Every structure is written in structure tokens, then in C-alpha cells.
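Colleague: what's the 3D shape of this:
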Amino acid sequence: MRVCLRRGELALCLAIVTTLCVSRNGTAEAAAESRPLLTVGMCESAPTIDGMLAAGEWDQAACTSGLRQPGGGELISVQPRFWMAFDEKMLYFAALTPVPHGITPLTRHKERDAKVYLDDAIELILDPGQTRSGYFQFVMNSAGALLDAKGDDSAWNAAGARCAGDIAEGEWRAELAVPFAAIGVAAPQDDEQWGANVCLNCTWQQGLLGSWGPVKTGFREPANFGDLAFTRSGPVAAVQSVEALLAGRGEMIAAVHGDGDAASSLKMWPVGEEQPVVEVERSASEAGALEFALPEVGAGEAPVQYRGELRVTCAGAPLLVCPFQMSVTSPLQLAIRAYVQDRKLEVEVTAGSGLPRPEEHSCVVSVAPKGGQAAKTVEVPQLSPTGPTIMTFEGDDLPGKELTVSVAVHDQAGKMVVEASRDLSDPLHPWWLEDDTGAEDVILPPYQPSRWPATPSGRGGAPIASARP
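Modeller: This is a model prediction of the structure:
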């Protein structure tokens, strides 16, 4: 991770695996429950609401990510980035959500106030003044359809609100402009605070849901929203991505737009432990590489849970706080099933959290006699991003009784990034196949049918027939 800070535009390149930052007198458990925070600044010119997120439009805006499972708190596997800015009349919002190559976001609803939340959708929920009780909800999809509501009143519409969406290879986008007058407030003043939540409805990932705020059961819980702090002239922070957090290693980039002494702090520790395994701090006067990685989890090993927080400050004031919880799993999960009657061997390969963007990886699966060369090889050009990839070997493909099944995963450059193997002993003829221990060929008498009246539970009111010894 590289850190290069300077006046004007302060860029912090933070190599993050997972992190957690707490107060000196706090505990890990308490810090993980803290709310996320984003400081939102004024924009010099309003972005065009066309769903394009054109170059330069959002470059100086506050930006963050880090959506978590409602109730559970773990980072979800699909992480949108979202931007926010404001002027004297409007609050501006944009979101970019990644999708695997070849997958098109679901967009069935295209009318105002339709059930947009049933599509792949982003939600912005605002609690002006941080009342922790009332809210305004805006749900948008990649077609630019907008559902807006005031509390539970979905008949309410934000007069003058504009929304647009678009789809590009590997992502979908949404932009929104909300007039302050439509939600009954004036443009925020310095240090004014609102509650807010940003939420994801993801249909292609088994109905995945994500929330920025630490909600317990649903998105619309104002008491558990995140915090927005507004500034009219001060700096703001922008996080490029949190993919490194999901992978347990790598580089995450953040930037601070504006003047001031920027600093960042990263801490991370396993759940239930007080001693951080990662504890890094950098100030504006420091430079250098911050590179670290969490211990890898081997194949077959249990996931390791961590709690963490990324914090970016300027002159001691927080600009961005991103608390999270996550599990580090093996990069590759290998399962093998033997179908004795059909004489088939099924190999199931699933990418774990340690292998981000599995659709950008290929794999080779082979069977070989134990200690020998591969007898049969299957090449898979693309791993599935939504579930397991399954290969089947016929009985004639298996070179004997003592076998080794091997899997090698390669990136787009052809470099092998992870491998795993499993030894098998006569999988299509297990020892128990011909064992008749405890088996009986006959059912001993007495055995006679019995009938008795019963309350009808089906058609026709016929009594229920049963049998008993």
C-alpha cells in the first residue's frame, strides 16, 4: 500500500486486507458496532444526471463503500461505490455496482413508483436532521426508474427529483438529484448531520442484500442509519474500492480532496481477541508503503472472522469511517461426490473470499493415479461468480482405484494463483457397498392394515388409511 499525501489533493493508497480502528479506551466489540460516516462537501458544478458518471463529474465528491449484511454485519460479496455532493438547491447521489462479465442486471420495472426494489436496485434513504425516526426513501435501478416514499407513504413523490441509470460491461450505474425543497429542508450548513442508509438489492447473487448502516432486520431503521456530516468548504474523502477487504489482502485506494493535514488509521483483529493483528497509522508528513496481508486460510480449514475499521481524518476530524466485519476463507473450496450406481465422479470447485472476481479466472481439473501423471483433464475457461463450477468424470476416465484429483486456478495472464488436490481410494466401490450388516430381507409379522375414522383433511372427506403392526 502506498501513501502519498500532499496539499490540495491528498492521495492515500492504502493496502488493506481488513482493518479496524477504535478509540484508545474502546474495545474491538464496541468499535465494530460503530456507525459508518461520510463527510459530504459542496460541488463547484452540478453533475449531469444521465447515468453515465462522466469523467470529472464526481472526481471531487465524497465516496465510500462497505455495505454489510443486515443483522449479521459482514461485508457482502458485491460492493457498490457511492458518491455524494450538494449545492444550494440539490443533494446529488451516484452509485456504481460491479457485476460479473456476461451478467445483465435485472430491470423489469421502468415506471415511477413501480416495485423497483425487486430488480437489481440501489436505495438511498435520508433522515434530515438525524431525527432517528423519520426518513425519505429513494430506490432506483439501471433503467433510471425511481420509487420514492416518505416513510411508509409510497404515494408521496419528491417534486423535481431526477434519476437516471445505465449499464456497461462489468457494472451498472445510477444517478439521482433530490431538491432540498422536496424534502422540506434547506441546504445543509457546516457541521450539520443527517442520518442515511445506502442499500443494495442484488438479484443475480442469490437475492443478496446489503446495507451501509448497521441495521438489524430491514433497510428502513433510522435508529441504525449511518451518519452524513456536511461541509461547505472543508475537505472530503473518497474510497476507491473495498475489494481488498473481501480478499484479505491487496491494495485499497482512498483520496482526500481539499487542503489540510490528512491521516489514516487501520486496525484489524480476529473476533473475540483484543490484540490487533494489523495496526497501521500514517500522517500527511509520512510516506512509504503499507503492505500487509492476513494469514491465508488453507483448503478445508474453517473461515476466520475479523472485525475492522478504516478511518480517514483531516486535522483530527473524521472525514470517512468504514467499520466492518468479514470472514477470510480458503481461496478455493473443493468438494468431490461419487455416484456409485451411475459410475460417475463429480468435482465441485467454488471460489472463496480469497479469490476475488472468480469470473476472471480459469481452472484445470485432472484425475491421475496416485503419484502418477494425469489420465484425464478438464479445462474450465471461466469460474462461476455466483456458485460452484462442476465437472463430471465417467468411470472409464478413472485410472484405477487409488486416485488423486487436482485443481489449478489461473488468472487472465495464465499465472497459477491457487491449487488444491484430494486423494481418493476406490471412490466408485466404497467398502460399505456390499456390507449387509444390520440388513434384513423380510419384515417380521404381525403386519396388518388398520383403519380408523379421522377428521377429513383432503378432498371427498374419506377416512385416512394407515398401517401398523
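Colleague: any idea what Ala244 is structurally, helix, strand or coil?
Modeller: Following DSSP: H, G, I helix; E, B strand; the rest coil, the label given to Ala244 is helix.
Colleague: I'd like to know how far Ala62 sits from Ala408.
Modeller: 42 Å (Cβ to Cβ, to the nearest Å). The C-beta positions use only the backbone N, C-alpha and C, and glycine is treated the same way.
Colleague: out of the two, which sits in the busier spot?
Modeller: Set side by side, Ala62 and Ala408 show more neighbours around Ala62, with 26 against 16, by other Cβ atoms under 10 Å.
Colleague: Could you check how far the closest residue in space to the more buried one that isn't next to it in sequence is from Leu126?
Modeller: Spatial nearest neighbour of Ala62, excluding adjacent residues (Cβ to Cβ, 6 or more residues apart in numbering): Val236 at 4.0 Å. Distance from Val236 to Leu126, counting by Cβ to Cβ: 18 Å.
Colleague: neighbour count winner among those two?
Modeller: Val236 (27 against 22).
Colleague: which secondary structure element contains Cys363?
Modeller: For Cys363, the host element (DSSP states H and E) is strand 362-369.
Colleague: In that strand, which of the residues would be classed as buried?
Modeller: When burial is assessed from 16 or more other Cβ atoms under 10 Å, strand 362-369 yields the following buried residues: Ser362, Cys363, Val364, Val365, Ser366, Val367, Ala368.
Colleague: Need the contact partners of it.
Modeller: Strand 362-369 is contacted from outside by 345, 347, 349, 374-383, 389, 391, 393, 397-400, 402-410, using Cβ atoms under 8 Å, 6 or more residues apart in numbering.
Colleague: Give me the helices and strands touching the next helix or strand after it, please.
Modeller: Going down the chain from strand 362-369, the next helix or strand is strand 376-380, by DSSP H and E. Judged by 3 or more Cβ pairs under 8 Å, 6 or more residues apart in numbering; DSSP states H and E, the packing partners of strand 376-380 are strand 362-369, strand 389-394.
Colleague: I'd like those strands written out as a markdown table, with distance to Gln240 and mean pLDDT added.
Modeller: Output for these, formatted as a markdown table (distance: least, Cβ to Cβ, whole Å; pLDDT from 0 to 100):
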| stretch | distance to Gln240 | mean pLDDT |
| --- | --- | --- |
| strand 362-369 | 27 | 97 |
| strand 389-394 | 29 | 96 |
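Colleague: if we compare the ones you listed, which one ends up closest to Gly56?
Modeller: Judged by Cβ to Cβ, the one of the helices and strands packed on strand 376-380 that comes nearest to Gly56 is strand 362-369, at 36.4 Å.
Colleague: In three-state terms, label Met268 for me.
Modeller: strand.
Colleague: which residues does it form a beta bridge with?
Modeller: Val278, Gly308 (DSSP bridges).
Colleague: quick one: it from Ala351, how far?
Modeller: Relative to Ala351, and taking Cβ to Cβ, Met268 is found at 22 Å.
Colleague: Same question for Thr217.
Modeller: From Thr217 over to Ala351 (counting by Cβ to Cβ), the distance is 30 Å.
Colleague: More neighbours: which of those two?
Modeller: Ala351 (26 against 9).
Colleague: which stretches of the stretch 351-469 of the chain have low pLDDT?
Modeller: Residues of the stretch 351-469 of the chain meeting the criterion pLDDT under 70: 438-469.
Colleague: now do 90
Modeller: 352-357, 385-387, 430-469 (pLDDT under 90).
Colleague: Nearest spatial neighbour of Glu419, chain-adjacent residues omitted?
Modeller: Ala408 (4.5 Å).
Colleague: ok, what's across the strand from that neighbour?
Modeller: Val364, Glu419.
Colleague: hang on, isn't it packed against Ser421?
Modeller: No: the criterion here is Cβ atoms under 8 Å, and Ala408 misses it with Ser421 at 9.2 Å.
Colleague: for the stretch 1-150 of the chain, which spans come out with low pLDDT?
Modeller: 1-34, 72-73, 101-102.
Colleague: what about the helices in it?
Modeller: 28-32 (DSSP state H, counting those that start in this stretch).
Colleague: where along it do the strands fall?
Modeller: For the stretch 1-150 of the chain, applying DSSP state E, counting those that start in this stretch gives strands covering 2-4, 9-14, 37-41, 62-64, 81-86, 90-98, 121-127, 136-141, 146-150.
Colleague: So for Gln275, what's the nearest residue that isn't a sequence neighbour?
Modeller: Nearest non-adjacent residue to Gln275 (Cβ to Cβ, 6+ apart): Trp269, at 6.3 Å.
Colleague: Can you tell me how far that neighbour is from Arg307?
Modeller: Trp269 is 7 Å from Arg307, by Cβ to Cβ.
Colleague: more neighbours, these two?
Modeller: More crowded of Trp269 and Arg307, by other Cβ under 10 Å: Arg307, with 27 against 22.
Colleague: what about Pro295, helix or strand, and which?
Modeller: Taking DSSP H and E as the definition, Pro295 sits outside all helices and strands.
Colleague: which residues touch it?
Modeller: Val304, Val328.
Colleague: which regions of the stretch 201-350 of the chain lie under the pLDDT threshold?
Modeller: Using pLDDT under 90, the flagged stretches of the stretch 201-350 of the chain are 205-207, 239-256, 259-268, 274, 276, 278-293, 296-302, 309, 311-312, 315-316.
Colleague: partner residues bridging Gln193?
Modeller: Beta-bridge partners recorded for Gln193 (DSSP bridges): Ala229.
Colleague: Report pLDDT for it.
Modeller: For Gln193, the model assigns a pLDDT of 97.
Colleague: which non-adjacent residue is nearest Gly371?
Modeller: Leaving out its chain neighbours, the residue that sits closest to Gly371 by Cβ to Cβ, 6+ apart is Thr404, at 7.5 Å.
Colleague: Could you report the separation of the one you found from Glu273?
Modeller: 37 Å.
Colleague: neighbour count winner among the two?
Modeller: Thr404 (17 against 11).
Colleague: what's around Val215, how many residues?
Modeller: Val215 - counted by other Cβ under 10 Å - has 24 other residues nearby.
Colleague: Which strand or helix spans it?
Modeller: For Val215, there is no host helix or strand (DSSP H and E).
Colleague: so it makes contact with Asn224?
Modeller: Yes: using Cβ under 8 Å, Val215 makes contact with Asn224 at a distance of 4.6 Å.
Colleague: So the residue nearest to Gln275 sits against Glu309, correct?
Modeller: No: if you go by Cβ under 8 Å, Trp269 and Glu309 don't touch, sitting 10.6 Å apart.
Colleague: Around Glu171, how many other residues sit close by?
Modeller: Glu171 has 16 nearby residues by other Cβ under 10 Å.
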